[in-house]
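Chemist: coords please:
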Amino acid sequence: MNEYPCELTGGCQCGAVRYAASTAGDNAHLCHCRMCQKATGHLFAALVAVPRRALTWTRGEPARFGSSENVDRGFCSACGTALFYDDVTGARINLSIGSLDDPAAFKPLGQCGTEARVPWFGELGTVPDTGETEHGEQADWAAAIKASSVQHPDHDTQVWPQV
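Modeler: Numbers count the residues shown, from 1 in each chain. So this is what the prediction gives:
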């Protein structure tokens, strides 16, 4: 894995845990294994490695769950956001791309754990965007969510929650 200097920030949905990294790897990837599916509650984990020495927790500390002998999964204990996969014997931590302030910056370059990939994964691009919620009231639903959202913004803040 090659490493590149960067200014990388991210954190959880509620803002209780924030991080910054000064270096990232060129190994952005999707892991489809069942452990990653369970840890993220999603079809896969989208991850990118940062050197342990380059990562700083700038607000709060993540909770950890030992999912196997040498692996911890990090998450926010307040809101549950999946933050990382950590082989505790290694020199890198794999951050969840979805927890980055700019997730579009890390296009996955590979996939692993494909033995557990859901069979219809390759068809996702053909699923139509219906623009509806389960109740068919997209505009009202989106406005209500926006008006009541307590989600932390995709940038660092001095204080959170804002008062």
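
Chemist: what's the offset of stretch 29-39 from the middle of its chain?
Modeler: Centroid separation for stretch 29-39 versus its chain: 12 Å, with CA atoms, centre = their mean, to the nearest Å.

Chemist: what distance separates the start and the end of that stretch?
Modeler: Taking CA to CA, to the nearest Å, stretch 29-39 runs 16 Å from one end to the other.

Chemist: and K107, what element?
Modeler: Using DSSP states H and E, K107 is not contained in any helix or strand.

Chemist: For it, give me its contacts.
Modeler: K107 is in contact with A28, counting by CB atoms under 8 Å, 6 or more residues apart in numbering. Quick note: C-beta positions are derived from backbone N, CA and C, even for glycine.

Chemist: Is the nearest residue to D102 once chain neighbours are set aside part of a helix or strand, or is it coil?
Modeler: Closest residue in space to D102, ignoring its immediate chain neighbours: D154 at 7.1 Å, by CB to CB, 6 or more residues apart in numbering. Here D154 is recorded as coil under DSSP: H, G, I helix; E, B strand; the rest coil.
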